[in-house]
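Visitor: quick check, what structure comes out for this input:
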Amino acid sequence: MTKLSALAAAAILAGSASAHTIFQKLYVNGVDQGELVGIRAPDYDGPITDVTSNDIICNGGINPYHQPVSQAVINVPAGATVTAEWHHTLNQAPGDPADPIDASHKGPIISYLAKVPNAAQTDVTGLEWFKIYEDGLTVSTAQWAVDRMIANAGKVSFAIPACIESGQYLLRHEIIALHGASTYPGAQFYMECAQLNIVGGSGAKTPATVSFPGAYKGSDPGVTVNIYYPPLANYTIPGELH
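Guide: Numbers count the residues shown, from 1 in each chain. Predicted coordinates for the structure are as follows:
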């Protein structure tokens, strides 16, 4: 085993026991909406690994939602900046070295929206999702989106498009941890869905959409990839065209 591959294996093993994370709070233009308010979050912080499962949509299957599930729908002006906040577990204990996620869990962070009749509806299957945010690998610094999230105390900020229709939406916010992704299934998918009411949208654009499951394949180069050796010259974030 080469020195580099040995270090990679050690990083995987070190992170495997203390892994995991949950998106559990949303800010709108800097205003905290409250812990688990308008967010479908599971009690367990573990990943989804099967990209063909309905669990890849909003979680809540093998990792059942924390009860009671919030019925709140968060008002968000079109064009606003929202901030998702991640933590290792619910009821986060102070001093957890794996908060907001173990540093070994390198990978991209992605956000999608899907328009729905009622953002608090139970059924999340068959929705049409469009990507509004992605952050992957900065090759020149070897820094991943997860590294930036950790440095920002678990917070990830991005804009809600001003050009979409007003109405109720689900926000699917996701981390893909790639430390064990050299074979499939190996990538770890962490996602929760927030319930939004977007107001003031112009409706000028109708974005192209994807389905979950379906948007990702196990063979996608952004899903099955060795991030350690040889050093990546680029990384293609999975999902629709970038």
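Visitor: ends of stretch 218-225, how far apart?
Guide: Terminal residues of stretch 218-225 lie 10 Å apart, using C-alpha to C-alpha, to the nearest Å.
Visitor: read off the pLDDT value for Gln92.
Guide: Confidence at Gln92, expressed as pLDDT, is 89.
Visitor: which SS state does the residue nearest the centre of the chain fall under?
Guide: The residue lying closest to the centre of the chain (C-alpha atoms, centre = their mean) is Glu174, at 0.8 Å. The three-state assignment at Glu174 reads strand, by DSSP: H, G, I helix; E, B strand; the rest coil.
Visitor: who's in contact with it?
Guide: Ile109, Ile110, Ser111, Tyr112, Phe189, Tyr190, Met191 (C-beta atoms under 8 Å, 6 or more residues apart in numbering). (Glycine included, C-beta is placed from N, CA and C.)
Visitor: narrow those residues to those that are buried.
Guide: Ile109, Ile110, Ser111, Tyr112, Phe189, Tyr190, Met191 (16 or more other C-beta atoms under 10 Å).
Visitor: in the chain, which spans are helices?
Guide: Along the chain, counting by DSSP state H, helices occupy 3-16, 55-58, 145-151.
Visitor: so where's the protein shaky on pLDDT?
Guide: 1-19, 241-242 (pLDDT under 70).
Visitor: for the protein, what's the longest strand?
Guide: strand 188-202 (DSSP state E).
Visitor: which strands and helices sit next to that strand?
Guide: strand 22-28, strand 39-40, helix 55-58, strand 74-77, strand 165-177 (3 or more C-beta pairs under 8 Å, 6 or more residues apart in numbering; DSSP states H and E).
Visitor: mind putting the ones you listed in CSV, distance to Ala215 included?
Guide: Converted to CSV, those look like this (distance: least, C-beta to C-beta, whole Å):
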stretch, distance to Ala215
strand 22-28, 18
strand 39-40, 19
helix 55-58, 8
strand 74-77, 23
strand 165-177, 10
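Visitor: out of the ones you listed, nearest to Asp99?
Guide: Between Asp99 and the helices and strands packed on strand 188-202, the tightest spacing by C-beta to C-beta is seen for strand 22-28, at 10.7 Å.
Visitor: strands paired with the closest one, and their directions?
Guide: strand 31-32 (antiparallel), strand 81-87 (antiparallel) (DSSP bridges).
Visitor: other residues contacting that strand?
Guide: 32-39, 41-42, 45, 74-77, 80-90, 155, 171, 173, 190-192, 194.
Visitor: now those: which count as buried?
Guide: So, by 16+ other C-beta under 10 Å, the buried ones in these are 33, 36-39, 41-42, 45, 74, 76, 80, 82-89, 171, 173, 190-192, 194.
Visitor: that older thread, any idea what the residue nearest to the centre of the chain is bridged to?
Guide: Ile110, Met191.
Visitor: then Asp135?
Guide: With DSSP bridges as the rule, Asp135 is bridged to Ile109.
Visitor: residues in contact with it?
Guide: With C-beta under 8 Å, 6+ apart, Asp135 has these contacts: Pro108, Ile109, Ile110, Ala145, Arg148, Val156.
Visitor: ok, the residues you listed vs Gly60, which is closest?
Guide: Nearest member of the contacts of Asp135 to Gly60, counting by C-beta to C-beta, is Ile110, at 18.2 Å.
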